[in-house]
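Peer 1: I would like to see how this sequence folds:
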Amino acid sequence: MLLLSSTLPPPSSPVKKPDSHLGGKFISSIIHTIMLLQIVPLELLICVRLYHRTMYLCVCVSSVTSRFPLLSPISPFITDPKSIIKSICDLMTEHWLQGVVFGDDTDQEAIAQILDFISAQTHIPILGVRGGSSMIMAAKDDNSMFFQFGPSIEQQASVMLNIMEEYDWYIFSIVTTYYPGYQDFVTKIRGTIENSFVGWEMEEVLLLDMSVDDGDSKIQNQMKKLQSPVILLYCTKEEANTIFEVAHSVGITGYGYTWIVPSLIAGDTDVVPAEFPTGLLSVSYDEWDYGLDARVRDGVAIITMATSTMMMDRGPHTLLKSECHGAPEKKTPISGNPNEVLRYLMNVTFEGRNLSFSEDGYQMHPKLVIILLNKERQWDRVGKWENGSLSMKYHVWPRFELYGAATREDDHLSIVTLEEAPFVIVEDVDPLSGTCMRNTVNQTKDSGIYIKRCCKGFCIDILKKIAKTVKFTYDLYLVTNGKHGKKINGTWNGMVGEVVLKNAHMAVGSLTINEERSEVIDFSVPFIETGISVMVSRSNGTVSPSAFLEPFSADVWVMMFVMLLLVSAMAVFIFEYLSPVGYNRCLADGREPHGPSFTIGKAIWLLWGLVFNNSVPVQNPKGTTSKIMVSVWAFFAVIFLASYTANLAAFMIQEEYVDQVTGLSDKKFQSPNDFSPPFRFGTVPNGSTERNIRNNYPEMHGYMTKFHQRNVNEALQSLKAGKLDAFIYDAAVLNYMAGRDEGCKLVTIGSGYIFATTGYGIAIQKESLWKRHVDLAILQLFGDGEMEELESLWLTGICHHEKNEVMSSQLDIDNMAGVFYMLGAAMALSLITFICEHWFYWQLRFCFMGVCSGQPGFVFSISRSSMSVKSPSLLAYNMLNVTYMTNPKQIPASKVQTDIGALSFFVLTRRPF
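Peer 2: Residues are numbered from 1 along each chain as shown. Next comes the predicted model:
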């Protein structure tokens, strides 16, 4: 293996400085020493040691034929690039080399291009581990075997976006030159933001031509377009010096602007150009924890392990044998294919670390650092990228540390907020994408550690629109005590306290405007109307046992069953009785003795069956008038039953009970102990609602303190669980919660009636210059209709719609209890009727028939009245038969038989021929 090392000679060795021309840079990077080492296909022990600034690589091989490293110097006085390349190629092809590890102390990207050319010619793997040899190249030779300890352009672009996402820098621009690779850089950025859930906004993509004569003025005109707070730059280090000089002249460096560059621009961190602005961020290869000695050791191990593994798998004939002056030599039994080495280099693990390379020659998993140019003009490591994960030193970007204390005119603000749905909703970072769908919040714990959270909501959307209109950036954080703001012992806490103490420029959230707060802070114009409202819970009632009767009033049921049914039955019976063709006329004419008769009972039974459509055996009338009456009754029954069925479902469901309160002066609030059980109500303390009640209703406030809730969600759970009868709070929040409540069990009194009307506003430091700009931005949102769109998006719930979706549910025993009660009562009544029927049949019926008095009774007269007029003999026979049935001893059996025979003769003689 050949190691090209950037070292200094021993002190006793005089060195002549190379001439300054095209080859000088390359000569200075490979001064003095080329150590030639033969790879032996046996177990190797690699060690690297540094003496002064001269590197020696010791390879100890466990072989009888092992030999010491060979040293082959290159004259430092050779400055012709062609001669240098020829000398190196001759050295590489003179011995049977399997790889080269190269390290230099210059940041010139030309070194990488020369090594790429040599690797393509020799087909010997060259591994650049430092300086210009590790510079990122946009395009390599098709036959290149040049590998670099560093990330690709695409990998660095991804890290840049991760840095921006970490600090919520979603608005940015790109500035590039025509340096090779700029298209890959821009394409990677575009592709990532287009397929991301994050709301990126790329404002400008400037392509600068650095080759024109009057380039500075043209570049200046182009860069005046940049207004983005974050700018990504891709170019060479020399081009960056010019660009930063122009950027400083147009005022887009310093506070309020953050520039992020790849490692190509940062280059050698020991030398910082004066044009580089303070606060410059760069993605660089990790040289702090990954020193040159470790990289050389790993480089030798990578090539050694790849070659050894290939030889063990395929035999010694796979070793490479190449030359500089054309294509690789034709394969012989002992020559190998360079593509085989490439495949093995793409899968190398050493000491438990994945040191594999990609097809384009860059590390698959590079160790990167994020470095920051601080006020002392020194590079400071502020972050690390390892195994696809970014960790930053600062959880909140240290603008004030970089540029000094911010003044009122600065356009980067610190804004405090408070979690309260739907205005501010705080969620964890998406575990799959590791990003936030919307804005992010840095929440401070007691330990002072910042945790990245995701924040969305009505107020967050308003803040984003205002920031875009007014053109300011901001850091958003949650208030530590989770309160809106209350004055305790002369000191304000919560969001108001953060603004009063000037820890925050603004406070955004569900912050109510009131007189006490307005004395210490300024409020913007209100962006939503609110006040005090009362929320109660619908309680499940019980179904009345008479629910099945409630479709009609009691008067209707009385008219139906007492008046209409009986009157109609009487009318049908009378019409049938008097009809010349009715049932009773057959007997009156003597045509059908013992024939059917239509009684009042049969008329009632007929009409009852028609009402409920029961298929019961009935006896229909024969008279025309009676049939017309029955038909009219049938039509009435259809209308009656249809109306009953249509209204029945509404009365069979459970009736929900809602506590009726008229306002804060309601007796339930002012005298809660007068009710049994006492009326329970409360609010969330340390807010404007509690302050209003405390000032206007002190007794009410004293009672409700024992029912205070920690937050809105706890209050809603208490309402549903029955621990609280009413909850008093901001109307805007309660209306939202009522609209989004599952099952719509929570309601606000009076459909959201508001007491002590006020509004939510953005809290701003007293006499701040931002107030007017924020007011105008809010008014513009109202004028453009955007505020209405946000309200419909965040503040509207399904329970507020007038037409809710109809849901079907099963009827349980409570819904049908009344019907079962009626059936049980009917069974009890039937039992009583059964007893009375037997008692009447065996004890009283004969008296009603006239047996007791010897004369025909009332019942007997009704059913047989016509026969008593036309057939007195038949009537006498019936009376005789009844008397015999009740007391057989009073009438001899022979008399009964004689009368029966006479009756038979009478009937036969009356039958027409």
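
Peer 1: all contacts plus neighbour counts: C-alpha atoms, from now on.
Peer 2: Will do.

Peer 1: can you give me the strands for the stretch 651-800 of the chain?
Peer 2: Secondary structure of the stretch 651-800 of the chain (DSSP state E, counting those that start in this stretch): strands at 656-657, 681-682, 726-730, 746-748, 755-760, 763-764.

Peer 1: same deal with the stretch 251-400 of the chain?
Peer 2: Using DSSP E, counting those that start in this stretch, strands in the stretch 251-400 of the chain cover 258-261, 281-285, 349-350, 353-354, 368-373, 379-386, 389-392.

Peer 1: need the strands of the stretch 651-800 of the chain in a markdown table (columns: distance to Ile193 and mean pLDDT).
Peer 2: As requested, the strands of the stretch 651-800 of the chain are exported to a markdown table (distance: least, C-alpha to C-alpha, whole Å; pLDDT from 0 to 100):
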| stretch | distance to Ile193 | mean pLDDT |
| --- | --- | --- |
| strand 656-657 | 52 | 56 |
| strand 681-682 | 48 | 92 |
| strand 726-730 | 39 | 90 |
| strand 746-748 | 42 | 85 |
| strand 755-760 | 35 | 84 |
| strand 763-764 | 33 | 96 |
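
Peer 1: ok, back up a step: mean neighbour count, the strands of the stretch 251-400 of the chain: which tops it?
Peer 2: For those, the largest average neighbour count (mean count of other C-alpha atoms under 10 Å) is found in strand 281-285, namely a mean of 26.

Peer 1: quick one: strands adjacent to it?
Peer 2: strand 258-261 (parallel), strand 368-373 (antiparallel) (DSSP bridges).

Peer 1: may I have the longest one as PDB, with CA atoms only?
Peer 2: Output of strand 368-373 as PDB, limited to C-alpha atoms (Å, rounded to 0.1, in the frame of the first residue of the first chain):
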ATOM      1  CA  LEU A 368     -20.000  15.400  10.400                       C
ATOM      2  CA  VAL A 369     -19.900  18.400  12.600                       C
ATOM      3  CA  ILE A 370     -21.700  21.700  12.500                       C
ATOM      4  CA  ILE A 371     -19.300  24.600  13.100                       C
ATOM      5  CA  LEU A 372     -20.100  28.200  13.900                       C
ATOM      6  CA  LEU A 373     -18.000  31.300  13.300                       C
END
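
Peer 1: tell me which residues are up against that strand.
Peer 2: 151, 277-286, 378-386 (C-alpha atoms under 8 Å, 6 or more residues apart in numbering).

Peer 1: same check on stretch 377-387?
Peer 2: Residues contacting stretch 377-387 (C-alpha under 8 Å, 6+ apart): 159, 269, 272, 278, 365-374, 390-394.

Peer 1: same question, stretch 271-290
Peer 2: With C-alpha under 8 Å, 6+ apart, stretch 271-290 has contacts from 150-151, 156, 159-160, 241-242, 244-245, 253-254, 258-263, 265-266, 366-375, 377-378, 402.

Peer 1: if we go to 6 Å?
Peer 2: 241, 244-245, 259-263, 367-374 (C-alpha atoms under 6 Å, 6 or more residues apart in numbering).

Peer 1: got it, and stretch 495-504?
Peer 2: Counting by C-alpha under 6 Å, 6+ apart, 414-415, 484-485, 765 sit against stretch 495-504.

Peer 1: restricted to strands, list those residues.
Peer 2: Using DSSP state E, 414-415 are the members of the contacts of stretch 495-504 that sit in strands.

Peer 1: how is the closest residue to Ala731 other than its chain neighbours assigned, secondary-structure-wise?
Peer 2: Leaving aside its chain neighbours, Ala731 sits nearest to Ser533 (4.7 Å; criterion: C-alpha to C-alpha, 6 or more residues apart in numbering). Of the three states, Ser533 takes strand according to DSSP: H, G, I helix; E, B strand; the rest coil.

Peer 1: quick check: Ser533 touching Ile754?
Peer 2: Yes. With contact defined as C-alpha atoms under 6 Å, Ser533 reaches Ile754; the gap is 5.2 Å.

Peer 1: the two - which one has more neighbours?
Peer 2: Ser533 (27 against 20; other C-alpha atoms under 10 Å).

Peer 1: please name the bridge partners of that one.
Peer 2: The partner residues for Ser533, given DSSP bridges, come to Tyr729.

Peer 1: for Cys235, give its distance to Ile260.
Peer 2: 12 Å (C-alpha to C-alpha, to the nearest Å).

Peer 1: which elements pack onto the helix ranked longest in the chain?
Peer 2: Counting by DSSP state H, the longest helix found in the chain is helix 624-652. Here helix 624-652 touches helix 565-578, going by 3 or more C-alpha pairs under 6 Å, 6 or more residues apart in numbering; DSSP states H and E.

Peer 1: give me that answer again for 10 Å
Peer 2: helix 565-578, helix 600-611 (3 or more C-alpha pairs under 10 Å, 6 or more residues apart in numbering; DSSP states H and E).

Peer 1: can you check which of these gets nearest to Ser688?
Peer 2: Ser688 lies closest to helix 600-611 among those, at 63.4 Å (C-alpha to C-alpha).

Peer 1: got the angle between that closest one and helix 565-578?
Peer 2: Interaxial angle of helix 600-611 relative to helix 565-578 (axes from the mean of the first three to the mean of the last three C-alpha atoms, to 10 degrees): 120 degrees.

Peer 1: can you give me the buried ones in helix 600-611?
Peer 2: Across helix 600-611, burial judged by 16 or more other C-alpha atoms under 10 Å covers 600, 602-611.

Peer 1: would you list the residues you listed in TSV and tack on distance to Asn493 and pLDDT?
Peer 2: Converted to TSV, the buried residues of helix 600-611 look like this (distance: C-alpha to C-alpha, whole Å; pLDDT from 0 to 100):
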residue	distance to Asn493	pLDDT
Ile600	88	79
Lys602	86	82
Ala603	85	82
Ile604	82	82
Trp605	82	83
Leu606	82	83
Leu607	80	80
Trp608	77	80
Gly609	78	81
Leu610	77	81
Val611	74	78
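
Peer 1: what sits closest to Lys668 if chain neighbours are left out?
Peer 2: Phe679 (6.2 Å).

Peer 1: actually Asp725, sorry about that
Peer 2: Per C-alpha to C-alpha, 6+ apart, closest to Asp725 is Arg680, 5.1 Å.

Peer 1: the one you found against Gln670, yeah?
Peer 2: No. Contact between Arg680 and Gln670 fails when scored by C-alpha atoms under 10 Å: they sit 11.3 Å apart.

Peer 1: list the contacts for the closest residue to Met305 other than its chain neighbours?
Peer 2: Take Met305 and drop its neighbours on the chain: the residue closest to it by C-alpha to C-alpha, 6+ apart is Val348, 7.3 Å away. For Val348, the contact set (C-alpha atoms under 10 Å, 6 or more residues apart in numbering) comprises 301-303, 305-306, 309, 354-357.
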